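Novice: Below are the sequence and a predicted model for it; my questions follow.
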Amino acid sequence: MGLARDAAATARRLRAEAIFDVETKSTATDVVTAADKAVERQVIEALRELRPGDGVLGEEYGDAAGEGSVRWILDPIDGTVNYLYGLPQYAVSLAAEAGGEIVAGIVINAATGDEWTATRGGGAYRGDRRLKVTGPAELSQALVGTGFGYDARRRAHQGRVLAGLITRVRDIRRFGAAALDLCAVAEGTLDAYYEKGLNPWDHAAGGLIAREAGAVVAGLQGARPGLDMVVAAPPAIFNDLHDLLVGLDAAGGA
């Protein structure tokens, strides 16, 4: 989608020119830059021109209702801390929701230009290459991605969960951008991923991409993916990972 590519180009350009107007959100470690806001404004303005009746839910400016049947869910820069430090793991994530379901999504690593897309029922792609989840038959051989919240109490609980998990899997990775982690599951550079505290803009597009590649994407104990938990894994190991996370009370804590 051209407007997502334009947004990624803007994010990359602003990073090259310099980070500016750093503010704080929920805590001092949760940074947001003027670039987040600029990229979100750019996408919103483009959507209003192309599809004036649609709603938009964005990380920075909230939920703007529309008269149309489609709502766009936008994370202008997923991985803001990576962006601030110049680590090449930050993305523009944009999804279309209709009838309460995500029907299309695109994630672009703004640092590298790598692009993942999916449509509901139409498969998932990295560029022109169709994706299909791969992975081990046993959880003990799985490379698992995760992330951590900004609140210190939540991090403490997540650390305890991680301590209980790390001896049961091959290894753990933490890259700092949920949308890219979900795309990594879709293409097999991660075998599985879980995280508590994700907002819709964090997982809407990436979750569809992982699901269309064949992963199971869900919450715990029959819940939909959301703030309490997002788990993405191939069917062969999803249940074992799910049950282990339940046993470790991964959805609990602050």
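Specialist: Happy to help now that I have it. Numbering: from 1, shown residues only.

Novice: Residue 172 against residue 146, yeah?
Specialist: Yes - taking contacts as C-beta atoms under 8 Å, residue 172 lies within contact range of residue 146: 6.4 Å. No exception for glycine: its C-beta is placed from N, CA and C like everyone else's.

Novice: Output stretch 229-239 in PDB with nothing but the alpha carbons.
Specialist: C-alpha atoms of stretch 229-239 as PDB (Å, rounded to 0.1, in the frame of the first residue of the first chain):
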ATOM      1  CA  MET A 229      -2.000 -11.900  26.100                       C
ATOM      2  CA  VAL A 230      -1.100 -12.400  22.500                       C
ATOM      3  CA  VAL A 231       0.400 -15.800  21.600                       C
ATOM      4  CA  ALA A 232       1.400 -16.800  18.100                       C
ATOM      5  CA  ALA A 233       2.800 -20.200  17.200                       C
ATOM      6  CA  PRO A 234       2.600 -23.000  14.700                       C
ATOM      7  CA  PRO A 235      -0.200 -25.500  15.500                       C
ATOM      8  CA  ALA A 236       2.300 -28.200  16.500                       C
ATOM      9  CA  ILE A 237       3.600 -26.300  19.500                       C
ATOM     10  CA  PHE A 238       0.800 -23.800  20.200                       C
ATOM     11  CA  ASN A 239      -1.000 -25.900  22.800                       C
END
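
Novice: rewinding a little: between residue 172 and residue 146, which one's more packed in?
Specialist: Legend: neighbour count by other C-beta atoms under 10 Å for residue 172 and residue 146, higher for residue 146 (21 against 13).

Novice: pretty sure that one is touching residue 195, no?
Specialist: Yes - taking contacts as C-beta under 8 Å, residue 146 lies within contact range of residue 195: 5.5 Å.

Novice: that older thread, for residue 172 and residue 146, list the residues in contact with both.
Specialist: With contacts defined as C-beta atoms under 8 Å, 6 or more residues apart in numbering, the residues adjacent to both residue 172 and residue 146 are residue 162.
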